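Asker: Fold the following for me, if possible:
(one chain, ligands or ions: 2)
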Amino acid sequence: MKKCDGHTGRWGSTLLIIGALSGVMLGATGCSESDRPLEPPVHFNGNIFGTFYQVTIMDPLTQGESLALEEGFKAELESVDQAMSTYREDSELIAFNEAPLEQWQPLSNELIEVLAISQSVAEASHGAFDITVGDLVNLWSFGPGARPEEIPNDDVLADRLAQVGFDAVEVDTQQMQARRTRDVFVDLSGVAKGHGTDRVAEYLEQQGMEHYLVNIGGELIAHGLRDEDAQTPWQIGIEVPEDGQQRAQHVIPLASMSVATSGDYRNYFEADGQRFSHTIDPRTGRPVTHQLASVSVLHPSNAWADAWATALMVVGGQKALELATENNLKVLLLVRDGEQWRSIASPEFVSYFGEPLVNELGIEQPLAPAPADQPVTGE
Ligand code: ADP
Ligand code: MG
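Answerer: Numbering: from 1, shown residues only. Ligands and ions are numbered 1, 2, ... in the order given. Reported below is the predicted structural model:
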């Protein structure tokens, strides 16, 4: 790597709250534009998967290197979108959804990998995570179609629900092929963002980056340190689950770990005075409506974290805690309690961060049961 003089090397503030990032900062002068060192943090922002991405690098980079890096990770994101978007007609997933039933379809490595992760989480969550909910997602107007903001007709709903079930998709990881055995529409939106952050992180690793943060629509991977000199870790804000707010409810340190959050407060529609979240309960075919406002899952793989966050959002507070405990997941739940929030951690979350920090953050441990969930009504 070429070096120019004048790299100041002092890193900025150590607190990062999702959404508060700005543009690239230039460092010294006196050499060609491309060799010019950039002062960390170097930020990259853009849009993908119908949401935003933010990549922050703390490693030393020249302007030329940063441009090449950006091009490289954007190509990764584009390839994920091409493989698993349900919003573009030419994606591999759309072709899979249109292929004849029962016939095995050869698929790309990445689609097979994400399908396999999805099926594992589906099994472990007893069907709470279910990629065959695509038709229901569309029926409730959360998919690529129009958004009529209407509650679907009961008969149509029952008809579509009869097809749904993750056993309708078979994945053969040896032969790299998959097939549908019933007419279901496979939707990977509950796991693709997480996979996207994994892919970007992998790419950054290959390019020799050691200290970086990748954020795609709130699914994050933090690697290395925010400030190597001061040995300060990345600090991640877990948002207040409220409309229009971008305030951190808790700020947690994250090192070589990913976190995915599912919430009912970002993507929803209202009809007849009721809020419908974009997470569908595959048992009822209806959007979840319960006291659990947000679930954050920590996992070395963000695809797994993403799928689990959606699964736990489906089952709700107490069940989410049980599943998290059963599967040794590091989970933070924000549960509505009147006008307030209760923050509840799984045992694995507590042992990962240690009791002193968990207490300091005002997070409850699962000794006290979470408030009972309200039944799913959706009506
Ligand atoms: P967010 O992080 O924005 O809360 P999620 O990761 O929870 O998003 O994914 C929500 C998307 O997943 C929905 O828009 C829908 O396409 C899909 N989805 C909804 N319900 C389920 C489910 N039970 N299992 C798998 N995918 C689902
Ligand atoms: Mg998800």
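Asker: Distance from the helix or strand hosting Arg199 to the middle of the chain?
Answerer: Assigned by DSSP states H and E, Arg199 belongs to helix 192-206. In this view, helix 192-206 has its centroid 12 Å away from the chain centroid, taken as Cα atoms, centre = their mean, to the nearest Å.
Asker: who's in contact with the following helix or strand past that helix?
Answerer: Sequence order places strand 212-216 as the next helix or strand after helix 192-206, per DSSP H and E. Counting contacts by Cβ atoms under 8 Å, 6 or more residues apart in numbering, the residues outside strand 212-216 that touch it are 16, 18, 48-49, 51-59, 77, 193, 196-197, 200-201, 204, 220-224, 226, 234. (Each C-beta comes from the backbone N, C-alpha and C, glycine too.)
Asker: Show only the entries of the residues you listed found in helices.
Answerer: Leu77, Lys193, Gly196, Thr197, Val200, Ala201, Leu204 (DSSP state H).
Asker: Including neighbour count and pLDDT, could these go into JSON lines?
Answerer: JSON lines is the format used below for the ones in helices among the contacts of strand 212-216 (neighbours: other Cβ atoms under 10 Å; pLDDT from 0 to 100):
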{"residue": "Leu77", "neighbour count": "21", "pLDDT": "97"}
{"residue": "Lys193", "neighbour count": "25", "pLDDT": "96"}
{"residue": "Gly196", "neighbour count": "29", "pLDDT": "98"}
{"residue": "Thr197", "neighbour count": "29", "pLDDT": "98"}
{"residue": "Val200", "neighbour count": "26", "pLDDT": "98"}
{"residue": "Ala201", "neighbour count": "25", "pLDDT": "98"}
{"residue": "Leu204", "neighbour count": "24", "pLDDT": "98"}
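Asker: hey, where'd the strands end up in the stretch 51-200 of the chain?
Answerer: Listed in chain order, the strands of the stretch 51-200 of the chain (DSSP state E, counting those that start in this stretch) span 51-57, 61-62, 105-106, 169-172, 177-180.
Asker: now, of these, which is deepest in the fold?
Answerer: strand 61-62 (a mean of 22; mean count of other Cβ atoms under 10 Å).
Asker: partners of that one in the sheet?
Answerer: strand 37-38 (antiparallel) (DSSP bridges).
Asker: mean confidence for stretch 213-232?
Answerer: Stretch 213-232 shows a mean pLDDT of 93.
Asker: got it, and stretch 109-117?
Answerer: 98.
Asker: How about residues contacting stretch 311-318?
Answerer: Against stretch 311-318 from outside (Cβ under 8 Å, 6+ apart): 121-122, 124-125, 128-129, 262-264, 277, 279-282, 288, 290-292, 294-295, 297, 320, 323-324, 331, 333, 335, 344, 369-373.
Asker: Is it positioned near ligand 1?
Answerer: Yes: for stretch 311-318 and ligand 1, the contact criterion (Cβ under 6 Å from any ligand atom) is met by Met313, Val314.
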